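Engineer: Next come a sequence and a model predicted from it.
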Amino acid sequence: MRFRVLPGVILAALALLAPLATPAAARSRIKDIVSFEGVRDNQLVGYGLVVGLNGTGDSLRNAPFTQQSLQSMLERLGVNTRAASNIDTKNVAAVMVTANLPAFSATGSQIDVSVSAMGDAKSLLGGTLLGTPLMGPDGEVYAVSQGTVQTGAISAGGGGSSVTRGVPTAGRISGGGIVERELGFKMSSMGIMRMTLRNPDFTTAERIAQAVNQAYPGAASADNPTIVNLTPPAGVRLVDFVTAVEQIEVTPDSPAKVVIDEVAGIVVMGAEVRISTVAIAQGNLTISVQETPQVSQPNALSQGQTVVTNQTSIKVDEEKGKKLIMLKSGASLATLVKGLNALGVAPRDMISILQSIKAAGALQAEIEVM
């Protein structure tokens, strides 16, 4: 039996001085850091039935909506099922169908759809989705989906035991949706195109506007950390103008941030992370407690009984050779990582150290714990 004491961290903040100059960051194309107004996917949703299941569909007694949908579908096909109250099949499952309609999708183009069981179906493997209208938030039908569901799951059973890998109650139909209605978005009629930064930042927005204005004077202006307006020059089509703007390179700016995932033990630090002068010491203390059973046998002529006793041994193991590491004011990410690696710090121990440095006021960055 082992007890592990969390590593102790000794921190002393000595001074707060100006940080070092920021190293040059990589340049990125504008198209990689922004989204253009109107150029986005649109979500569609629909309700349908999957048939042809091998006894793994909904139980109609537990899923009345599946039975009602089945009866309604058969009646539309000319089959009278209202008089039959004993419909009992497990080869049908009610599902929700979802899809993303890309921008500028033309009528007749194909899209992928996702299928998810609603009731108590055990698997959609091998089933076929019947024609299902897919509607947008405005209630209009934009696509129709149909096809064989591919789950990518593996399920096997026998002798009272079963093995399942993946999620057999959710699947996908590649190219299973056909666009029946276009969105009607006309980019050519727009006088101003707005760009939305994926990572809002005042500095990045201003740099984008300045880079565009160098090529097209007066064509761009930053409204806020998120929006940059584009106005095409006279005589230039908006599509041609946006195509040219996409290829302009800028240097994005980002705040100093440390992202910590305590569950997975992951630490991600941005290049702008700086620390003030700080001293760090880290060590591990491991206490091992081991119990060994021993048999106590009495003499042959005595009237004693044989008993089992435990012999306990305790061992204390403290790592040696750990030193106090001094990081100077304005130390960069590379210096911080190098210093922590010199201590032999594991990722989970590094999380505790970073949080302690932040608590001491020596970490000039935001810590985000996931």
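Structural biologist: Done, it's in.
Engineer: Any regions of the stretch 1-150 of the chain where pLDDT drops low?
Structural biologist: 1-25, 82-86 (pLDDT under 70).
Engineer: where along it do the helices fall?
Structural biologist: Applying DSSP state H, counting those that start in this stretch to the stretch 1-150 of the chain gives helices spanning 64-76.
Engineer: Please enumerate the strands of the stretch 151-300 of the chain.
Structural biologist: Listed in chain order, the strands of the stretch 151-300 of the chain (DSSP state E, counting those that start in this stretch) span 154-158, 161-165, 170-179, 193-197, 220-222, 227-230, 249-250, 257-261, 266-269, 274-275, 277-296.
Engineer: Buried residues of the fourth one, list them for me.
Structural biologist: Right, strand 193-197. Within strand 193-197, the residues that count as buried by 16 or more other CB atoms under 10 Å are 193-195, 197. In short, each C-beta sits where N, CA and C put it, glycine included.
Engineer: what does it rub up against?
Structural biologist: With contacts defined as CB atoms under 8 Å, 6 or more residues apart in numbering, strand 193-197 is touched by 30, 33-37, 187, 204-205, 208, 225-230, 232, 238, 241-242.
Engineer: next one: the third one
Structural biologist: Counting by CB under 8 Å, 6+ apart, the neighbours of strand 170-179 from elsewhere in the structure are 44, 99, 101, 105-117, 124-125, 129, 134, 142-152.
Engineer: Was I right to think residue 94 contacts residue 117?
Structural biologist: Yes: the criterion here is CB atoms under 8 Å, and residue 94 meets it with residue 117 at 7.4 Å.
Engineer: who's more crowded, the two?
Structural biologist: Applying other CB atoms under 10 Å to residue 94 and residue 117 shows that residue 117 carries more neighbours, namely 26 against 21.
Engineer: What distance do you get for the more buried one to residue 277?
Structural biologist: 59 Å (CB to CB, to the nearest Å).
Engineer: what's the answer for residue 96, then?
Structural biologist: Using CB to CB, one gets 57 Å for the distance from residue 96 to residue 277.
Engineer: And the helices in the stretch 201-350 of the chain, which stretches?
Structural biologist: Assigned helices in the stretch 201-350 of the chain, in chain order: 202-215, 238-246, 333-342, 347-359 (criterion: DSSP H, counting those that start in this stretch).
Engineer: Can you list the buried residues in the longest one?
Structural biologist: Using 16+ other CB under 10 Å as the burial criterion, the residues of helix 202-215 that qualify are 204-209, 211-212.
Engineer: tilt between it and helix 238-246?
Structural biologist: Here the directions of helix 202-215 and helix 238-246 differ by 120 degrees (axes from the mean of the first three to the mean of the last three CA atoms, to 10 degrees).
Engineer: got the angle between helix 202-215 and strand 193-197?
Structural biologist: 140 degrees.
Engineer: likewise the shortest one?
Structural biologist: Direction vectors for helix 238-246 and strand 193-197, defined by the same axes, to 10 degrees, enclose an angle of 30 degrees.
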